[in-house]
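Chemist: Next come a sequence and a model predicted from it.
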Amino acid sequence: MKIKEYLIDDYLLNPDNSINLFFFIGPDTGLTDERVNKLSRSLEIDKNDPFNVSRINQNDLEINPTKLLDESLTYSLSSDTRFVFLKIYSESVPSSIVKSIKDLINNFTLKDTKIIISARNLSLSLPLVKYISDNIFCNTIVSYQKSVKDLRTE
């Protein structure tokens with residue numbers, strides 16, 4: 001489900017516990033990073049705990065397409081919830097990564113695992129984005145650059 005722009009800030013402070021995947025997308029990379037950090041604080045993620053947090057980037061997933069699912073199914077040693085961060089950098093997603101994400105979503109609900117995907121440069125019209133947005137266990141958070149008028153109002 002895509003979160004409406006005016007609801008994002010409140011949502012990130014109190015995210016829905018039934019959501020397993022948070023998908024951050026949009027051209028405003030600074031706002032995307034800020035929102036990922038806000039969600040991380042709300043979920044009380046200790047990003048320095050290697051037994052609780054896994055970080056995967058696009059290159060890792062291209063080399064090992066099962067890594068996303070493997071890391072998501074791993075139990076946390078120091079917390080009740082495991083966290084997996086995935087960064088996608090390119091404007092087009094290789095088919096192996098699309099398959100990895102779809103395999104992950106097909107295994108929902110993953111109990112006690114939260115996946116946070118940051119895909120800054122992807123187009124909202126891609127089939128993968130629609131696939132993620134249509135899943136009831138996923139939320140899509142879009143970060144658009146704000147106009148000068150909106151920034152002055154804030």
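Modeler: The structure has been received and is ready for your questions. Numbering: from 1, shown residues only.

Chemist: what about Leu77, distance to Asp46?
Modeler: 12 Å (Cβ to Cβ, to the nearest Å). No exception for glycine: its C-beta is placed from N, CA and C like everyone else's.

Chemist: overlap in contacts of the two?
Modeler: Shared contacts of Leu77 and Asp46 (Cβ atoms under 8 Å, 6 or more residues apart in numbering): Asn52.

Chemist: Could you check which of the two has the larger neighbour count?
Modeler: Asp46 (13 against 10; other Cβ atoms under 10 Å).

Chemist: what residues are up against the more buried one?
Modeler: Counted by Cβ under 8 Å, 6+ apart, Asp46 has contacts 52-53, 78-79.

Chemist: Just the residues contacting the longest helix anywhere in the chain, thanks.
Modeler: Of all segments of type helix in the chain, defined using DSSP state H, the longest is helix 29-42. Helix 29-42 is contacted by residues 8-9, 12-15, 22, 24-26, 47, 85, 116, 118, 120, 141, 143-146 when judged by Cβ under 8 Å, 6+ apart.

Chemist: Just the ones of the residues you listed in helices?
Modeler: When DSSP H defines the helices, the subset of those inside them is 8-9, 12-13.

Chemist: Most neighbours out of these, which is it?
Modeler: For the ones in helices among the contacts of helix 29-42, neighbours tallied by other Cβ under 10 Å; top is Leu12, 22 neighbours.

Chemist: Can you give the distance from the helix or strand following the longest helix of the chain to the centre of its chain?
Modeler: Next in sequence after helix 29-42, counting helices and strands by DSSP states H and E, comes strand 53-57. Centroid separation for strand 53-57 versus its chain: 11 Å, with Cα atoms, centre = their mean, to the nearest Å.

Chemist: Can I get strand 53-57 in PDB, CA atoms only?
Modeler: What follows is strand 53-57, C-alpha atoms only, in PDB (Å, rounded to 0.1, in the frame of the first residue of the first chain):
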ATOM      1  CA  VAL A  53      20.700  -6.200  11.300                       C
ATOM      2  CA  SER A  54      21.800  -7.300   7.800                       C
ATOM      3  CA  ARG A  55      22.800  -4.800   5.100                       C
ATOM      4  CA  ILE A  56      22.600  -5.900   1.400                       C
ATOM      5  CA  ASN A  57      23.300  -3.700  -1.600                       C
END
